[in-house]
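K.L.:
from the sequence below, what's the structure:
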Amino acid sequence: MGVVGMLRANHKNRQLPHKMTAPTVAPRDMANAIRALAMDAVQQADSGHPGMPMGMADVATVLFSKFLKFDPTDPHWPDRDRFILSAGHGSMLLYSLLYLTGYADMTLDELKHFRQLGSKTAGHPEYGHATGIETTTGPLGQGLGNSVGFAMAERLLRARFGEDIVSHFTYVIAGDGCLMEGIGQEAVALAGHLGLGRLILLYDNNSITIDGSTSLSTSDDHLKRFTAAGWHVQAVDGHDPDAVTRAIRKAQKVTDKPSMIACKTIIGYGAPHKQGTAATHGSPLGKDEVAAARVQLGWPYPPFEIPEPIFTAWRKIGAKGKSPRRKWVKRHAAMAAEDRAEFDRRMKGDLPKAVEDAIAAFKKKLESDKPSWATRKSSQETLEVVNPLLPDAVGGSADLTGSNNTNTKTLKSQGRSDPGGHYVHYGIREHAMAACMNGLALHGGVIPYGGTFLTFTDYCRNSIRLSAMMGIRVIYVMTHDSIGLGEDGPTHQPVEHLPSLRAIPHLRTMRPADAIETAECWQLALESKTAPTVLVLTRQNLPAIRTATDGNLCAKGAYILAGEPASPVRRGARSLGEGRAAGRRRLHAVLGAVRGPGRWLSERGHGRRRHRARGLRGRVRLRLGALAREQRRVRRHDGLWRLGQGFGSLQAFRNYSGGDRTSGAPAGWLNGGEDGGTGCNQRLRAHRPQCDACHHGVGPQGHRGGGDQRSRPGRDQRPPLPLRQRARPLQG
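P.N.:
Now for the predicted structure:
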């Protein structure tokens, strides 16, 4: 009999008390509350992953009831322990815990609307939807990478402010999928190398993936693997609360290395016919199996009903955090005034006023010196000015420090020997670097930036996308932005990377043209609390083309760089360069429609600025690149594409207009919207929401061209550009 078989035999005959008496409630009964809520919510949604929450309920109960430091009445308490569900498909585990422990915005009604449009209970946990969700997870391994950043931030701040103010653990639940992903191995190796002793990984070792047994795809010995990476390793029965308690307590005492506890569990524990199989992983159990599980677990209660003794016991667990938080508040109040102000400033994410003044003075110096630096060099020189004034900054590079120019004289290397160091040598781990920076930013108190080559954003893309989804301040320094990178050849030459980054909503992609613009873009990136930034920088030297005017011109998105005010405007390029005609003005765009993410400008009230440059009276037509234009059209016609709305929602498509799930187009589009059509064939192309017959835009509000609908002559009647012209790379 295998390990899983022995566990099944061991737990099958365990009888659970049908009668509960306050104040003592058995841990298994409390865990069964999680199991019941998980299987009921997934069943009602007719979609989801009940297996992992049911399997890890015992481990989570031990963690929350005996170890996790948190206070639902103050969910943003800086010294709370961080709990990260890297296996985000098991989101009902987290949602159930948040409800049971008393987070105000996670109500029973939210659980009943699991995976429904507009609910806080998305298919995978999404940061910002509800308090208690520390990060957005779902793409496997991302939460594990984030946890390294969380633990690193805790260590950095503890080194600066002391254990009375910063002293907490980072706990992460990860499964086989997280460990199989490449980012998982990168994160494990980095955490072990750094010796992050307050990082504790609870590995859901259930030996099941979607395809079936993990033996189909992997033969890894994870215990040996983690040991080799420098972790403290234990293995326990995940359904034995006492064993889990002993393991976590032992892990907390290991201070010089992270800890991994392999918890052997049965996926879908309690479902008598499906537990231990892939059938419980990503599908509802079914009504009959849910009923049978209630009998097996000794849970004779209707769906979503928690008996009062068990519910009260869970709420008492949530209330335990008030006392340590109040003690922390007193210690915080007793800090030296200067230290307390600095700690509060960092946790709020505010910049010191000196940073803005220093950048302004630096721009004046650049105007005088007119250096012909590569923008990667300009970036480093800007950091040399900023970093001494910004102790929040945590820099790093994926083994390209000398190429990215991300280190400065005041930064010391982060590591076991110097836990307070603010420069991270991530090694050749681009993906883990990006995920780790997300964790650093989410923890608060630090501002992370990290560098690699622009072409290697492919390695970082999922983490960059999650930065944008969460709306957090992470700064990606991407150098070697063109064929000017040197002799490395086409494998290192970014071609499609710039438009692909611009296609990510809420991501600020900036490509400065000289030293002054680089300084301004760094200022914008540092001031951006609610969006990540990609700084796209050159290897080759560039001429100085800007003057240090008052204010930040790059913040406008587009501005007049040269020429007479009354002259017509030409579309700008990378610099004035060739083809400049006397008497013609040059429209220079760093962030706008010509070469940058005009979306974030328009979303913040600067849409007109993308079409009107300073001092320009006539309208300027700036043609977006193909990707940006298509995305703008999708965003205009389909609100589901807006990040933070509808992600992970099964009902999003259905609720939108009862659309055709097979064709991928909502019924409102196929029928021309509520007003019914406008007399022309309104079939939709697969890639462009337009009418094939007249090329007018079609959306939920109806057909934009023809009939009595609103139309803009000269634009709506214009046929789409040929594919070759639409896909042409942007100038500069």
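K.L.:
what sits against the spatially most central residue of the chain?
P.N.:
For the chain, the residue nearest the mean C-alpha position is residue 466 (2.8 Å; Cα atoms, centre = their mean). Contacts of residue 466 were listed using Cβ atoms under 8 Å, 6 or more residues apart in numbering, and they are 136, 139, 142, 435, 438. Where you see a C-beta, it was placed from the backbone N, CA and C, and this is true even at glycine.
K.L.:
ok, 10 Å please
P.N.:
Applying Cβ atoms under 10 Å, 6 or more residues apart in numbering, we find residue 466 in contact with 126-127, 135-139, 142, 145-146, 434-435, 438, 472, 474, 532, 643.
K.L.:
whichever helix or strand it is part of: how far from the chain's middle?
P.N.:
Secondary structure assigned from DSSP states H and E places residue 466 in helix 457-470. The chain centroid and the centroid of helix 457-470 are separated by 7 Å under Cα atoms, centre = their mean, to the nearest Å.
K.L.:
tell me which entries of the contacts of residue 466 lie within helices.
P.N.:
142, 145, 146, 434, 435, 438 (DSSP state H).
K.L.:
and the fifth one, how many residues sit next to it?
P.N.:
When neighbours are defined as other Cβ atoms under 10 Å, residue 435 has 33 of them.
K.L.:
what's the separation between it and residue 465?
P.N.:
11 Å (Cβ to Cβ, to the nearest Å).
K.L.:
same question, the last one
P.N.:
As for residue 438, its distance to residue 465 is 10 Å (criterion: Cβ to Cβ).
K.L.:
again with the second one
P.N.:
The spacing between residue 145 and residue 465, counted by Cβ to Cβ, is 13 Å.
K.L.:
more neighbours: the two, which one.
P.N.:
Counted by other Cβ under 10 Å, residue 145 and residue 465 do not tie: residue 145 has more neighbours, with 36 against 21.
K.L.:
which one is the more buried one nearest to, not counting chain neighbours?
P.N.:
Of all residues not flanking residue 145 in the chain, residue 435 sits nearest, at 2.7 Å (Cβ to Cβ, 6 or more residues apart in numbering).
K.L.:
all helices of the stretch 1-150 of the chain, in order?
P.N.:
With DSSP state H, counting those that start in this stretch, the ranges of helices along the stretch 1-150 of the chain come out as 3-12, 27-45, 51-62, 91-101, 108-112, 142-161.
K.L.:
which ones are touching the closest residue to residue 321 other than its chain neighbours?
P.N.:
Distances taken as Cβ to Cβ, 6+ apart place residue 71 nearest to residue 321, at 3.5 Å, with adjacent residues excluded. Under the criterion of Cβ under 10 Å, 6+ apart, the neighbours of residue 71 are 77, 80, 101-102, 318-326, 328.
K.L.:
pick out whichever of these sits closest to residue 226.
P.N.:
Residue 226 has its nearest neighbour among the contacts of residue 71 in residue 80, at 26.1 Å by Cβ to Cβ.
K.L.:
surely that closest one meets residue 321?
P.N.:
Yes - using Cβ atoms under 10 Å, residue 80 is in contact with residue 321, at 7.5 Å.
K.L.:
find residues that contact each of the two.
P.N.:
Common neighbours of residue 80 and residue 321 (Cβ under 10 Å, 6+ apart) are 68, 69, 70, 71, 74.
K.L.:
that'll do, ta.
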